[in-house]
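> 3D model of this:
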Amino acid sequence: MDRFREMATFVAVVEAGSFVGAGETLRVSKAAVSRSVQELEARLGARLLQRTTRRLSLTEAGRAYYARSKQILADVEEADGAVGAVTGQPVGQLRVNVPFSFGLRHLAPLWGEFLARYPGIELDVSLNDRLVDLVEEGYDMAVRITRMADSSLVSRRLASTRVLFCASPEYLAEHGQLKRLADVTRHAVIGYSYSQFGDLWRLRRRDGVEEEALTRPRLRANNGDTCRAAALAGQGIALLPTFLIGEDLHAGRLVPVLLDYPPPELGIYAVYPSRKHLSLKVRVLLDFLAEAFAEVSWAGCDAQAG
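Numbering: from 1, shown residues only. Below you'll find the predicted structure:
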């Protein structure tokens, strides 16, 4: 294994905190990662990591080697970017983190076109709903669906989505309609683990009065598609984004409830660590996504709730 790959593997282990995590990042087996680190330590004649059954920690030599390796890898990445700046063609690996459901439904169909347009880019896409640390975990960009708060990150708004209270017609026929927010306490609720709204649903009525209700989800999941499936199966009231349920609303498989409360709006953002020294590969991805989401398929599907 060449030295550059050894460095990259060692850095991945340190940043993931485990051989398993590094293997997932590098898409190799845990055994291959472990072997690489062992060969690196043998070549250097020094132990870089202290291994216990519960955790890994850096030795003094490991801390020094990690700092220099991190800088070398960054320099290599910058060198790749410099070539792109001269030739006008972006090159190099682009690591992107995206929400699972949105990434699968609305981004996965776009990656082929992006790669065809920019053949010098290698795309590494990670799908999960966890809020990742772009700098610590080495991502060039992430897509986030949120009410954007103050952040050290820079963002570009791509589109927006509303989140609707909805249920299947069958569920409502059996359990009755909801007239006020407080009615959710007598209904089965389907909760999304990473929801910014949490279990305390707080909404403002059209007349300006703010109300809140504490929910106790019968089902909770860290994935929007799982929540959608439960709602379609008639298992309760869910708070779901229009990018996920737009087709269901149009087809009548799900219907909005709590119509006296305007549905909250969330922005869909591309976020990246810094505007300073923005690489060409990140810039072209930003422009590509802004173009792709200039018009969205779910626009207007919440009008019946608005």
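> elements contacting the helix or strand encompassing Arg283?
Here Arg283 sits within helix 280-292, counting by DSSP states H and E. Using 3 or more CB pairs under 8 Å, 6 or more residues apart in numbering; DSSP states H and E, the elements in contact with helix 280-292 are helix 60-87, strand 92-98, helix 108-117, strand 141-146, strand 154-167, strand 265-272. Heads up, the C-betas are built off the backbone N, CA and C, glycines and all.
> could you list the domains of the protein?
Domain ranges of the chain: 3-85, 87-159+267-299, 161-265, per automatic domain parsing.
> returning to that earlier point: any chance of the helices and strands packed on helix 280-292 in CSV, plus distance to Asp183?
Output for those, formatted as CSV (distance: least, CB to CB, whole Å):
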stretch, distance to Asp183
helix 60-87, 54
strand 92-98, 35
helix 108-117, 37
strand 141-146, 27
strand 154-167, 10
strand 265-272, 23
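> picking that back up, any idea which of the domains of the chain scores lowest on pLDDT?
Sorting the domains of the chain by mean pLDDT places domain 3-85 lowest, at a mean of 82.
> about what we covered before: out of the helices and strands packed on helix 280-292, nearest to Val132?
strand 92-98 (5.0 Å; CB to CB).
> now render the domains of the chain as a markdown table, adding mean neighbour count.
Shown next, in a markdown table, are these (neighbours: other CB atoms under 10 Å):
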| stretch | mean neighbour count |
| --- | --- |
| domain 3-85 | 16 |
| domain 87-159+267-299 | 16 |
| domain 161-265 | 17 |
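> correct me, but Glu136 touches Ala16?
No. Using CB atoms under 8 Å, Glu136 makes no contact with Ala16, being 10.4 Å away.
> where does Glu212 fall, phi/psi-wise?
With angles defined as degrees, to the nearest 10, Glu212 sits at phi -140, psi 160.
> hmm, Leu181 and it touching each other?
Yes. Between Glu212 and Leu181 a contact is recorded at 7.1 Å, counting by CB under 8 Å.
> hmm, back to that, between the helix holding Arg283 and helix 108-117, how big is the angle?
With axes from the mean of the first three to the mean of the last three CA atoms, to 10 degrees as the basis, helix 280-292 and helix 108-117 are set at 130 degrees to each other.
> CA atoms of helix 280-292 as CSV?
C-alpha atoms of helix 280-292 as CSV (Å, rounded to 0.1, in the frame of the first residue of the first chain):
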residue,chain,number,x,y,z
LEU,A,280,-14.1,25.0,-8.2
LYS,A,281,-15.6,21.6,-7.7
VAL,A,282,-17.8,22.9,-4.8
ARG,A,283,-18.8,25.9,-6.8
VAL,A,284,-20.0,23.9,-9.8
LEU,A,285,-22.0,21.6,-7.5
LEU,A,286,-23.7,24.6,-5.9
ASP,A,287,-24.6,26.0,-9.3
PHE,A,288,-25.8,22.6,-10.5
LEU,A,289,-28.1,22.1,-7.5
ALA,A,290,-29.5,25.6,-7.7
GLU,A,291,-30.3,25.0,-11.4
ALA,A,292,-31.9,21.6,-10.6
